[in-house]
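Chemist: just a sequence and a predicted model for now, questions to come.
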Amino acid sequence: MPAGLTIEPRLITLEGGEGAGKSTVLAALRDALLADGCEVVSTREPGGTPLAERIRELLLDPSHEAASPETELLLMFASRAQHVAERILPALRRGAWVISDRFTDSSHAYQGAGRGLDGAFIEDLERRVVGIEPGLTLLLDLGIAHGRERARGRDLLPDRIERERDEFFERVRGGFLARAAEHSGRFRVIDASPVASVVAATAVSALTQYREDMA
């Protein structure tokens, strides 16, 4: 963990490439916590607040001119700073669990490994404008071709990042796996290739074990 970050045990983050099934897993985790009487806030990045969602639109709209890697990174962190201050921290402070579809590890994977930006620069932004680290991160790992096939099945127009070439997503996947190896204490890598119900059940089991270890 980079110096200056506070671990938030009730912050759970989901990471992975395109088509990995994060939305399905998030719903399953939320339902499991709700069934146990917990307050749960589910959210996403980039986004999570009205202002952060506006920044998301700027980031992902393919009609804009191409953003430089640095612009993309700084917009991601601008959105994240607002998200943390206005939604995540208030929920954690009142005792809620927060489940976020993506968090800072995505910047290390997409803008770091994918775009080639300096990891130390990303860590500095993480320390200065985020300040917290999840207690548990579930990485839904899926081959690029399989993820592409699933994403095509959603019948949605691809956003600016989803239009990148396979080589970019291979670097992103490698970045996620490197993060998981480096931060093995909080990461759980889940094979996302089975059917959605199996992946969701595996994720819920990982959350259950994590909560038992916290007790």
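Modeler: Great, that's in hand.
Chemist: what is the end-to-end distance of stretch 187-205?
Modeler: Start and end residues of stretch 187-205 are separated by 14 Å (Cα to Cα, to the nearest Å).
Chemist: for the residue lying closest to A206 once chain neighbours are set aside, what are its contacts?
Modeler: Spatially, and ignoring its direct neighbours in sequence, A206 is nearest to R188 (4.6 Å; Cβ to Cβ, 6 or more residues apart in numbering). To be clear about C-beta, it is placed using only N, CA and C from the backbone, and glycine gets the same treatment. Neighbouring residues of R188 by Cβ atoms under 8 Å, 6 or more residues apart in numbering: 136-139, 206, 210.
Chemist: ok, now G135?
Modeler: Contacts here follow Cβ under 8 Å, 6+ apart; on that basis G135 touches 7-12, 186, 210, 214.
Chemist: could you rerun that using 10 Å?
Modeler: The neighbours of G135, taking Cβ atoms under 10 Å, 6 or more residues apart in numbering as the test, are 7-13, 97, 185-186, 210-211, 214.
Chemist: hang on, it in a helix?
Modeler: No - looking at G135 with DSSP: H, G, I helix; E, B strand; the rest coil, it is strand, so not inside a helix.
Chemist: what separation is there between it and T13?
Modeler: 9 Å (Cβ to Cβ, to the nearest Å).
Chemist: now swap in R160 and tell me
Modeler: Relative to T13, R160 is positioned 22 Å away (criterion: Cβ to Cβ).
Chemist: looking at these two, which is more packed in?
Modeler: T13 (25 against 16; other Cβ atoms under 10 Å).
Chemist: how about C38, phi and psi?
Modeler: Backbone geometry at C38, expressed as degrees, to the nearest 10, gives phi -90, psi 150.
Chemist: just give the nearest non-adjacent residue to it, would you?
Modeler: For C38, ignoring the flanking residues on the chain, the nearest one in space by Cβ to Cβ, 6+ apart is W97 at 5.2 Å.
Chemist: same check on P158?
Modeler: A151 (7.3 Å).
Chemist: isn't the one you found up against S23?
Modeler: No - between A151 and S23 there is no contact under Cβ atoms under 10 Å: 11.9 Å.
Chemist: what's the closest non-adjacent residue to I7?
Modeler: Leaving aside its sequence neighbours, I7 sits nearest to E133 (Cβ to Cβ, 6+ apart; 5.2 Å).
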